[in-house]
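Colleague: Using only what follows, build the 3D model:
(4 chains)
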Protein chains: 2
Amino acid sequence: MTATPDTDTPPARGKRPKQGEPVIDRALSLLAVFSDRRRALTLSELARHADMPAPTALRLIARLVAWGALERLDDGRYVVGVRLWEVASLSPRGHGVREIALPYLEDLFEVTRHHVLLAVRDNEEAVLIERLSGKDATEVAYRVGGRAPLRSTAIGLVLLAGADQQFQEAILKRPPEDEPGVPEMPEGQLRRTLSDVRRTGIAMIRRTVPSHTVSVASPIFDAQGAVVASLSIVVPDGATPPNVLAPAVRAAARAVSRNLGFQAQASSGMWTHSRR
Amino acid sequence: MTATPDTDTPPARGKRPKQGEPVIDRALSLLAVFSDRRRALTLSELARHADMPAPTALRLIARLVAWGALERLDDGRYVVGVRLWEVASLSPRGHGVREIALPYLEDLFEVTRHHVLLAVRDNEEAVLIERLSGKDATEVAYRVGGRAPLRSTAIGLVLLAGADQQFQEAILKRPPEDEPGVPEMPEGQLRRTLSDVRRTGIAMIRRTVPSHTVSVASPIFDAQGAVVASLSIVVPDGATPPNVLAPAVRAAARAVSRNLGFQAQASSGMWTHSRR
DNA sequence: AGGCGGCTTTCAATGGTTGGAATGGTATTG
DNA sequence: CAATACCATTCCAACCATTGAAAGCCGCCT
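Modeller: The predicted structure is shown next:
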């Protein structure tokens, strides 16, 4: 061991493969490793998925744990910590809307006894902020904190319809990716649908996977009239006719909007556009 | 040691006042600036509260924004981002318990129509994980994501009673800080109370501030029999007698425990202790 | 006009950061 | 029981991301 490494290879001593990334980015990439499927991870798993040497990962993780962003379990694995959750609960578009909307979601839930969903848009997807579900409601694909596509869900269509023009165009241009259980929509039809959503304040979609359901969604506006969130219910297909549900959903969404300082305009056809 | 022994004249071009803190700690201290009262902050506010020069803060914040931990508003201020909220929603002790408990909380809420609370312990405080409240329920002091004391709330007493011995002793030793609206409890009485909580599975507290209320709380156990959370309801004093509420709360808490894999023991007097 | 506060960019010095190597530990296999 | 494999942790010297004073901008108030 004390023997010199007899390297003929000249300098060779150090090649820094991928040094040079900002520390914060690395730390954040560690957080990003966690997902629905990966809620508790070992050091080496974290290091592997975040693509960095174990010692580096360990050092970073140690700091995160010290602060409370991560917590260490008895078995040595790491999970996301309560402290991080606490800070995150201050997110206006996360718990913020939720806090205001929750009572109305509850009302709606009590009437329908089926899934009630609340989502905001983040980039090209909808992020589920809240979901109320009875213990025996129909199976639903998305969980709180999870993401859903904009084009093929009612809750997503509402968000898309309320996004700024430029963003909508970018999405519309994209070729429709086929999602199982939802009828594919070409650009033309999608345009018409979005326009309808804006006019009626309602989006509706039928799915067959994972179960036969009907979703009805309606937009939530802030004081500036921008669409900040989307409220939806999901019921088994064939139960209550959608046209009965729509008014209830719209009413609930409006109630939340009013609480956010939104003043209903005379012309319902004019949405101001979200600024994000 | 590598430092040369005091070179007589360090040209002293720069004096680095407080350089030397790990980058991550600084970034996290930026996140920690956000609070219930400070949900949207300017760069200089962040820099000031996190105690670092503006350029440094700006650089760190830029990274956080790029990742989505923070978001920038139109007016230039920063808020906690949805992406962070998303990761945080994977926290087992945050949204984890919540997800499992929510349906039962809803049941309880529907019966009582008053506040239903769910909390876990973080260090020396209870962190509110969930709160269901009617639009017209009585005023309550704590918000989701906020913290409550262990000694002077029903929900906190349950968590304290379920904590490990060593921790309990540390808390018991501490002189009772007086909270307004709650009868002060000396060490002896507190000990007795905690023992009662363990025996009966119920904690109860009356408050007069911010309003006259009665709180009834009960522990939630995990598969190992440790107290991982606490479930509570808060009702106006004088409405329903607490001894009527207690069974409902206990039943709901037990239902959640069972869902976490807890097997009720023959002897109810024996709690295994939390490992954290 | 001038002053002021906040935001942003620049840049050279430097100390925190880095990762290969080595160590100790534990579970799995031959 | 040795051999193997994997994981977690400590060490350390080279090095590059990080740092913050300084200066430039912009908007705002007086």
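Colleague: And the helices in chain A?
Modeller: A:23-33, A:43-50, A:54-67, A:82-88, A:97-112, A:154-162, A:165-173, A:187-200, A:242-259 (DSSP state H).
Colleague: what's the closest of those helices to residue B:152?
Modeller: helix A:82-88 (20.1 Å; CB to CB). The way it works is simple: take the backbone N, C-alpha and C, and place the C-beta from them, glycine included.
Colleague: If we go by neighbour counts, what in the closest one is buried?
Modeller: For helix A:82-88, a neighbour-count test (16 or more other CB atoms under 10 Å in any protein chain shown) marks A:82-88 as buried.
Colleague: Could you list the domains of chain A?
Modeller: Residue ranges for the domains of chain A, per automatic domain parsing: A:23-86, A:92-259.
Colleague: How about the longest one and chain B, touching?
Modeller: Put plainly, it is domain A:92-259. Yes. For domain A:92-259, a contact with chain B is found by CB under 8 Å from any CB of the partner chain, at A:92-96, A:99, A:102-104, A:106, A:109-110, A:120, A:122, A:127, A:132-135, A:143-145, A:147.
Colleague: repeat for the shortest one
Modeller: Yes. With CB under 8 Å from any CB as the measure, domain A:23-86 is seen reaching chain B through A:23-25, A:27-28, A:31-32, A:34-36, A:39-40, A:60, A:63-64, A:67-69, A:71, A:74, A:79-86.
Colleague: which of the residues you listed count as buried?
Modeller: Buried among the residues of domain A:23-86 next to chain B (16+ other CB under 10 Å): A:23-24, A:27-28, A:31-32, A:34, A:40, A:60, A:63-64, A:67-69, A:71, A:79-86.
Colleague: For stretch A:198-211, give me every contacting residue.
Modeller: Here stretch A:198-211 makes contact (CB atoms under 8 Å, 6 or more residues apart in numbering or on different chains) with A:138-141, A:152-155, A:157-158, A:161-162, A:180-183, A:193, A:197, A:212-219, A:236-237, A:242, A:246, A:249-250, A:253, A:268-269, A:271.
Colleague: again, 7 Å this time
Modeller: The contact list for stretch A:198-211, computed with CB atoms under 7 Å, 6 or more residues apart in numbering or on different chains, reads A:138-139, A:141, A:153-154, A:157-158, A:161, A:180-182, A:197, A:213-219, A:237, A:242, A:246, A:250, A:268-269, A:271.
Colleague: Any buried residues in it, and which?
Modeller: Within stretch A:198-211, judged by 16+ other CB under 10 Å, the buried ones are A:198, A:201-205, A:207.
Colleague: Contact residues of the stretch 51-200 of chain A facing DNA strand D?
Modeller: A:54-55, A:58, A:76-77 (CB under 7 Å from any atom of the strand).
Colleague: what residue ranges in the stretch 51-200 of chain A score low on pLDDT?
Modeller: For the stretch 51-200 of chain A, the stretches with pLDDT under 70 are A:136-137.
Colleague: For the stretch 101-250 of chain A, which residue gets nearest to chain B?
Modeller: At 2.9 Å from chain B, residue A:145 is the closest residue in the stretch 101-250 of chain A, using CB to the nearest CB.
Colleague: Count the residues that sit near that residue.
Modeller: Look at residue A:145: counted by other CB atoms under 10 Å in any protein chain shown, it has 25 neighbours.
Colleague: tell me which parts of the stretch 151-276 of chain A are close to DNA strand C?
Modeller: Counting by CB under 7 Å from any atom of the strand, no residue of the stretch 151-276 of chain A lies close to DNA strand C.
Colleague: ok, residue A:248 - contacts?
Modeller: A:108, A:111.
Colleague: Only whichever of the contacts of stretch A:198-211 are buried, select them in ChimeraX.
Modeller: Those of the contacts of stretch A:198-211 that count as buried under 16+ other CB under 10 Å are selected in ChimeraX with:
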select /A:138,153,154,157,158,161,182,197,213,214,215,216,217,218,219,242,246,250,271
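Colleague: Quick one: end-to-end distance for stretch A:155-168.
Modeller: 15 Å (CA to CA, to the nearest Å).
Colleague: Would you check how far apart residue A:263 and residue B:50 are?
Modeller: With distances taken as CB to CB, to the nearest Å, residue A:263 is found 38 Å from residue B:50.
Colleague: The two - which one has more neighbours?
Modeller: Neighbours were counted for residue A:263 and for residue B:50 using other CB under 10 Å; residue B:50 has more, 20 against 9.
Colleague: Quick check, the more buried one in contact with residue B:33.
Modeller: Yes. Contact status for residue B:50 versus residue B:33: in contact at 5.4 Å, counting by CB atoms under 7 Å.
Colleague: Find the residues that touch each one of those two.
Modeller: Here residue B:50 and residue B:33 share no contacting residue, scored by CB under 7 Å, 6+ apart.
Colleague: who touches the nearest residue to residue A:88 once chain neighbours are set aside in this structure?
Modeller: Spatial nearest neighbour of residue A:88, chain neighbours left out: residue B:88 (3.5 Å); criterion: CB to CB, 6 or more residues apart in numbering or on different chains. Contact partners of residue B:88, counting by CB under 7 Å, 6+ apart, are A:80, A:84-85, A:88, B:94.
Colleague: Could you tell me how many residues sit around residue A:66?
Modeller: For residue A:66, the neighbour count with other CB under 10 Å is 13.
Colleague: Reformat the buried residues of helix A:82-88 as a markdown table; add distance to DNA strand C.
Modeller: What follows is the buried residues of helix A:82-88, written out as a markdown table (distance: CB to the nearest atom of the strand, whole Å):
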| residue | distance to DNA strand C |
| --- | --- |
| A:82 | 24 |
| A:83 | 19 |
| A:84 | 19 |
| A:85 | 24 |
| A:86 | 23 |
| A:87 | 20 |
| A:88 | 23 |
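Colleague: Could you save these as a markdown table and add columns showing distance to residue A:223?
Modeller: Below are those laid out as a markdown table (distance: CB to CB, whole Å):
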| residue | distance to residue A:223 |
| --- | --- |
| A:82 | 32 |
| A:83 | 32 |
| A:84 | 30 |
| A:85 | 28 |
| A:86 | 27 |
| A:87 | 25 |
| A:88 | 24 |
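Colleague: And these, which is closest to residue B:232?
Modeller: Set against residue B:232, the nearest of the buried residues of helix A:82-88 by CB to CB is residue A:82 (17.6 Å).
Colleague: ok, residue A:139 - contacts?
Modeller: Taking CB under 7 Å, 6+ apart as the test, what residue A:139 contacts is A:210-211.
Colleague: same question, the one 3 residues further on
Modeller: With CB under 7 Å, 6+ apart as the criterion, the residues that contact residue A:142 are A:128, A:148.
Colleague: measure it to DNA strand C for me?
Modeller: According to CB to the nearest atom of the strand, to the nearest Å, residue A:142 and DNA strand C sit 35 Å apart.
Colleague: Could you measure from the residue lying closest to the residue of the stretch 101-250 of chain A closest to chain B once chain neighbours are set aside over to DNA strand C?
Modeller: Nearest residue to residue A:145, sequence neighbours excluded (CB to CB, 6+ apart): residue B:89, at 2.9 Å. Distance of residue B:89 to DNA strand C, computed by CB to the nearest atom of the strand: 27 Å.
Colleague: Residue A:130 is in contact with residue A:98, correct?
Modeller: Yes. Using CB under 7 Å, residue A:98 is in contact with residue A:130, at 5.0 Å.
Colleague: which residues are in contact with both of these two?
Modeller: residue A:118.
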